[in-house]
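Engineer: Need coordinates for the following:
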Amino acid sequence: MNRLPVLTLALGLIAASAPAPASDALLNLPANRLTGLWTTDIYVSPAACTPGGPKPPLVGHNTMVFNLGGTLVENPEVSPAGIPGAPQLRTFGLGKWSYDMRTRQYRAQVRFDWYASATGAYMGYQVIERTILLSNDRNTAYGPVTATRHAADGSVIARLCGEGISTRL
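Structural biologist: Numbers count the residues shown, from 1 in each chain. Here you go, the predicted model:
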């Protein structure tokens, strides 16, 4: 009797039933609890950078994917080209995130580019930095946000402060 086909079949079944690398146990580690798809309300203004300044208004929304391993992708909600009051366009954001076991806080940084909608000329980039806390049920993420806008030459042209409130999708 040839046992090789039976052995091959058995090994194949064992491999097929092995847990995926992103198993529930791995996702349950504190450092990985942020992974997943989130929608965010963004509240920022220049005045909120001053201690005691006014509460910033809601200025936008985005959707973010926090990937296992510390990378993230941000998809903004932006006005399409040609809409009055929207003279610039921006790219989606790419970034990284990390977890501090000591403080139990996450930190995220995202960068995206700005372009003139009329000409397509490069206008600079923006860096968003967030400190993120998770709610006990892990479905809400919140914390301070700082957005720094840079001109094409790298000089700082604006700084916005406030908070981001994210909901897991």
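Engineer: didn't Gln126 look like it was pressed against Arg90?
Structural biologist: Yes: using CB atoms under 8 Å, Gln126 makes contact with Arg90 at a distance of 7.4 Å. Glycine gets a C-beta too; all of them are placed from N, C-alpha and C.
Engineer: between the two, what contacts are shared?
Structural biologist: Phe112, Asp113, Trp114 (CB atoms under 8 Å, 6 or more residues apart in numbering).
Engineer: Now the buried members of those.
Structural biologist: Buried members of these, scored by 16 or more other CB atoms under 10 Å, are Phe112, Asp113, Trp114.
Engineer: With secondary structure, distance to Ala121 and pLDDT added, can I get those in TSV?
Structural biologist: Compiled in TSV, these are given as follows (DSSP: H, G, I helix; E, B strand; the rest coil; distance: CB to CB, whole Å; pLDDT from 0 to 100):
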residue	secondary structure	distance to Ala121	pLDDT
Phe112	strand	16	96
Asp113	strand	11	95
Trp114	strand	10	93
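Engineer: chain center to the host helix or strand of Thr40, what's the gap?
Structural biologist: Using DSSP states H and E, the element containing Thr40 is strand 36-45. The chain centroid and the centroid of strand 36-45 are separated by 9 Å under CA atoms, centre = their mean, to the nearest Å.
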